[in-house]
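Sequence and predicted model, in that order:
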Amino acid sequence: MDHLLERRQLRAQLRQQRRQLTATQQQHASLAIARQLRQQPFFIYARHIAIYLAQDGEPSLHACRHPQATFYLPRLAPLGSGRLLFLRYDQHTRLEKNRFGIDEPRWPSTDRRDQRPAATLDVVLLPLVGFDLHGGRLGMGGGFYDRTFAFQQRAYHCPRLIGVAHDCQQVARLPMASWDIPLDGVITPSGFYPSDRGTTASTS
Ligand SMILES: Nc1nc2c(c(=O)[nH]1)N(C=O)[C@@H](CNc1ccc(C(=O)N[C@@H](CCC(=O)O)C(=O)O)cc1)CN2
Ligand SMILES: Nc1ncnc2c1ncn2[C@@H]1O[C@H](COP(=O)(O)OP(=O)(O)OP(=O)(O)O)[C@@H](O)[C@H]1O
């Protein structure tokens, strides 16, 4: 089957599964994910961490925030570039909805230092719809994270890219395209799964 079609069908199926989790299951998942993150050196020592505001059944990352690091949220970049900006997220951040109905920090803000170049983040926690154990990530289909981190295929320094998911979002193997940026690992309520990159399947 055409791999784009296969990804589209998987996306619909996994999004439906994610939305069926109850509020209690969501709360447990989000606390368990925070507990898992707090045990990982890459998270403990990170100073600049990108998170996201949960939507559509994604696990919430609110419980993983702590005062030793600065946290950032994605904002759709202007001019339809299809990329993301990362803007500081703290108790003063003013939010507004983007065209998908997801809250994002207002921009431009009064303080230019609120924006952090993607390449200088230590860790990016990525929302995802599906994952495999080989670095494969299925997102919402906009390609925003792929475009934003496309530079990492050539870069010397790159943030640690860690997917966040419920365990039910794991699949055996995702069909990957040339533009798909592989994850360094995935965190779920049951643990941290570093990617086994040696065996990523590429279909184009
Ligand atoms: N919480 C969160 N924030 C995020 C993402 C995400 O996946 N999760 N994104 C990750 O890239 C970016 C937004 N990408 C998105 C792409 C498509 C849709 C979406 O809901 N599409 C609808 C229909 C589109 C519409 O309403 O116009 C759909 O597929 O049903 C949402 C977000 C940036 N922020
Ligand atoms: N580096 C890139 N340059 C140009 N187009 C890209 C790039 N990365 C992704 N795209 C485009 O984005 C579209 C969505 O890709 P894909 O299905 O892999 O999204 P996704 O990873 O599931 O979504 P997201 O990253 O938004 O969560 C593709 O049709 C592709 O053409």
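Done, it's in. Ligands and ions are numbered 1, 2, ... in the order given.

Now do the helices in the protein.
3-19, 23-37, 41-44, 144-148 (DSSP state H).

Nearest to ligand 2, out of those helices?
helix 144-148 (3.4 Å; C-beta to the nearest ligand atom). C-betas here are computed from N, CA, C, even on glycine.

near ligand 1, anything from the closest one?
Yes. If you take C-beta under 6 Å from any ligand atom as the test, helix 144-148 does meet ligand 1, through Phe144, Tyr145.

and that helix, what other elements does it pack with?
When contacts are defined as 3 or more C-beta pairs under 8 Å, 6 or more residues apart in numbering; DSSP states H and E, helix 144-148 packs onto strand 70-76, strand 84-88.

Can you say which of these is nearest to ligand 2?
Nearest to ligand 2, of the helices and strands packed on helix 144-148 and by C-beta to the nearest ligand atom, is strand 84-88 at 8.8 Å.

Switch the helices and strands packed on helix 144-148 over to TSV; also include mean pLDDT and distance to Leu183.
Formatted as TSV, the helices and strands packed on helix 144-148 follow (pLDDT from 0 to 100; distance: least, C-beta to C-beta, whole Å):
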stretch	mean pLDDT	distance to Leu183
strand 70-76	98	16
strand 84-88	97	16
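
Which of those sits closest to ligand 1?
strand 70-76 (4.6 Å).

Run me through the strand neighbours of that closest one, direction for each.
Strand pairing for strand 70-76, using DSSP bridges, gives strand 48-50 (parallel), strand 84-88 (antiparallel).

Can you give me the neighbour number for Arg137?
24 (other C-beta atoms under 10 Å).
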